[in-house]
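Trainee: Here is a sequence with its predicted model. Questions after.
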Amino acid sequence: MAAFRTRRWTATIAAVAALAVTVTGCGSSSSSGGSSSSSSSSSTSSSSAASSSAGESGAATASSASAGASSGSGSTSGSGAAGGPDLTLPTGDFSKYTIGISVADQKSLFYIAAVDGMKKAADAAGVKVVVESADNDAKKQVNQVNDLITQNVNALIFIAQDATSALAGVKAANNANIPVIAVDEKPESGDGKLATYIATDSVKASHDLATWMFKQIGGSGEIGLLTGVLGATAQVQRTQGFEDALKENPGIKVVATETANWDETQAYKKVQTMLQGNPDIKAVFGESDAMGLGAAKAAKDQGKTIVSVGIDGFPTMVAAIKSGLTQATQAQIPYQMGQLAVKDSLLIVTGQASQVPAEQYQNTVLVTKDNAATVDTTLFYGPNVR
């Protein structure tokens, strides 16, 4: 997996008031609590409307929140007004095409937002999509991919349940000459081929968040680390970014590291024990918002004050930052990533694959008490967040 990359500037957003909602999930796995906007395992969506025009170019636009482009081969990062990619759709009649979407689940807010973005772009382009949710069952997802292949989809957008089993789905699509657009979880390296890979720049996001956290405690002291599911793409990259920042701050000492699997309840229990054994801990770095929230609640219930941070940008985390329970998050942009996946699918199936980079790492938005009141989470997770 592409974990070593040149660091990029983190974009910032100043928009309208943030929403406070209950959510679940992380970019690579579901986590505790919250509500879901969709729980069905399969759905089909299409639009009979022709692509709309926008400006002198006549290109349909999936989102007015993003602008600025990165095209060509190689690795790119988002560069739009909202820290995201250029979502301008290609023009043409796409009604004859079908895009298959295989997603790990529709409980995690990250995945819900990504699929919402895909449906938005598909509707704008007038292309049919067939969505299959695997309910976090790797075997079920492989079977669903095979089913999409038998339906003769023209492209496959793949949000894999795990990197290892995902390879089987990629190879099956390759054998059927169906291009694979991977989002978030990168299938394990092998002889499978991806048309493109779209993901958060987790190394940079984690590095910048850790650096910010270290400054909040004066550049020295004991801290704890909560990691996600071991081996998941996000876990590997977020841990790397954290460790890179740690090397730059010799005054920081990690006295406890626990795996909480992106889950708030697990994080709460792990941090309770962590603080009991290490009462001088000043901060806890959570590799997801759910774990950051769990850490903050555990410290509060023990009457301790710590700095607690996470990565996701969920509305509940933004609300917690505003209330002072937690201190920071790096907000991902899954809604825009979903739209980008559909845009890339259309470019690829219409012979314009040269315009699609092999890897597309998206910037995050650092949210702290200084800007939490002005952050609009619908830019990250779409209008259906709740």
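Mentor: Yep, it's here.
Trainee: Strands along the stretch 251-386 of the chain, start to end?
Mentor: 252-259, 281-286, 307-312, 328-331, 359-362, 365-368 (DSSP state E, counting those that start in this stretch).
Trainee: Let's have these in a markdown table, adding mean pLDDT, distance to residue 96 and mean neighbour count.
Mentor: To be clear about C-beta, it is placed using only N, CA and C from the backbone, and glycine gets the same treatment. A markdown table is the format used below for these (pLDDT from 0 to 100; distance: least, Cβ to Cβ, whole Å; neighbours: other Cβ atoms under 10 Å):
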| stretch | mean pLDDT | distance to residue 96 | mean neighbour count |
| --- | --- | --- | --- |
| strand 252-259 | 98 | 47 | 17 |
| strand 281-286 | 98 | 46 | 26 |
| strand 307-312 | 98 | 37 | 31 |
| strand 328-331 | 98 | 37 | 28 |
| strand 359-362 | 96 | 26 | 23 |
| strand 365-368 | 97 | 38 | 22 |
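Trainee: Looking at those strands, which is nearest to residue 170?
Mentor: Taking Cβ to Cβ, strand 359-362 is the member of these nearest to residue 170, at 15.1 Å.
Trainee: how about the strands of the stretch 251-386 of the chain in CSV, adding distance to residue 145?
Mentor: Shown next, in CSV, are the strands of the stretch 251-386 of the chain (distance: least, Cβ to Cβ, whole Å):
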stretch, distance to residue 145
strand 252-259, 28
strand 281-286, 32
strand 307-312, 26
strand 328-331, 30
strand 359-362, 21
strand 365-368, 32
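Trainee: Figure out which of those strands is closest to residue 84.
Mentor: strand 359-362 (6.4 Å).
Trainee: which strands and helices sit next to that closest one?
Mentor: strand 75-77, strand 196-200, helix 334-349 (3 or more Cβ pairs under 8 Å, 6 or more residues apart in numbering; DSSP states H and E).
Trainee: Keeping just the C-alphas, turn that strand into CSV.
Mentor: C-alpha atoms of strand 359-362 as CSV (Å, rounded to 0.1, in the frame of the first residue of the first chain):
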residue,chain,number,x,y,z
GLU,A,359,-3.7,7.1,-6.9
GLN,A,360,-5.7,10.0,-5.6
TYR,A,361,-5.1,10.9,-2.0
GLN,A,362,-7.5,13.5,-0.5
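Trainee: Adjacent strands (with direction) for it?
Mentor: Sheet partners assigned to strand 359-362 using DSSP bridges are listed as strand 75-77 (parallel), strand 196-200 (parallel).
Trainee: Worst mean pLDDT among those strands?
Mentor: The minimum mean pLDDT among the strands paired with strand 359-362 belongs to strand 75-77 (a mean of 46).
Trainee: Let me see the mean pLDDT of the following helix or strand past that one.
Mentor: Note on strand 75-77: by DSSP states H and E, the next helix or strand toward the C-terminus is strand 98-103. On average, the pLDDT along strand 98-103 is 98.
Trainee: And stretch 173-181, by the same measure?
Mentor: For stretch 173-181, mean pLDDT is 97.
Trainee: Tell me how many other residues surround the closest residue to residue 336 other than its chain neighbours.
Mentor: Residue nearest to residue 336 in three dimensions, not counting chain neighbours: residue 84, with 4.1 Å by Cβ to Cβ, 6 or more residues apart in numbering. Residue 84: 28 surrounding residues under other Cβ atoms under 10 Å.
Trainee: pLDDT score for residue 84?
Mentor: The model reports residue 84 with a pLDDT of 71.
Trainee: I'd say it and residue 333 touch.
Mentor: Yes. With contact defined as Cβ atoms under 8 Å, residue 84 and residue 333 form a contacting pair (4.9 Å).
Trainee: where along this structure do the helices fall?
Mentor: Counting by DSSP state H, the chain has helices at residues 109-125, 138-150, 163-175, 202-216, 233-247, 264-277, 289-301, 315-323, 334-349, 378-381.
Trainee: Tell me which of these sits nearest to residue 183.
Mentor: Here helix 334-349 is closest among the helices of the chain (Cβ to Cβ), at 5.4 Å.
Trainee: how big is the angle separating that closest one from strand 98-103?
Mentor: 140 degrees (axes from the mean of the first three to the mean of the last three Cα atoms, to 10 degrees).
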